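> coordinates for the following, if possible.
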Amino acid sequence: MQALGDAMLYRWLCDYLESSYPERSREVGHGAVWELVRASVERARAREIEEDQEIRKYVHAAFLLGPGFEEDAKLSWARQILDDPRFEQPGERVQALEEAAVRHVQTAERSRKG
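The predicted model follows:
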């Protein structure tokens, strides 16, 4: 049953990313999106992020920042958010992470354009 539930979760998350970021998803390919989703779900669960919407936020941040973002020294702020003891619930952490990841990408895009 867990495998079926995971497959449905992965499909939902892939659909979310591919509909939200069609160009980027096409560039990397469906297989790479699927693998990012699978690996990110595992990472989220290892951090005790269990609710589907919370997992979605973690996966969204991983898609924006890149796989392995937690180990990237240039993105140390992301790990600091995830490890911040002021956030009592995993949902608070991933909400802050997702918002910061979106801001990070928007700032980088503005810098590239101007």
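> could you use CA atoms for every contact and neighbour count after this?
OK.
> could you pick out the longest helix of the protein?
Taking DSSP state H as the criterion, the chain has its longest helix at helix 90-113.
> now that one, how far from the chain's geometric center?
Chain-centre distance of helix 90-113: 10 Å, with Cα atoms, centre = their mean, to the nearest Å.
> which outside residues touch it?
Residues outside helix 90-113 that contact it (Cα atoms under 8 Å, 6 or more residues apart in numbering): 47-49, 54, 57-58, 60-61, 64-65, 78, 81-82, 84, 87.
> of those, which belong to helices?
Checking the contacts of helix 90-113 against DSSP H, those in helices are Glu54, Lys57, Tyr58, His60, Ala61, Leu64, Leu65, Ala78, Ile81, Leu82.
> against Asp15, how distant is the closest residue to the third one other than its chain neighbours?
Right, Tyr58. Counting by Cα to Cα, 6 or more residues apart in numbering, Val94 is the residue found nearest to Tyr58 once chain neighbours are left out, at 5.8 Å. To Asp15, Val94 is 20 Å away according to Cα to Cα, to the nearest Å.
> I am finished for the moment; much appreciated.
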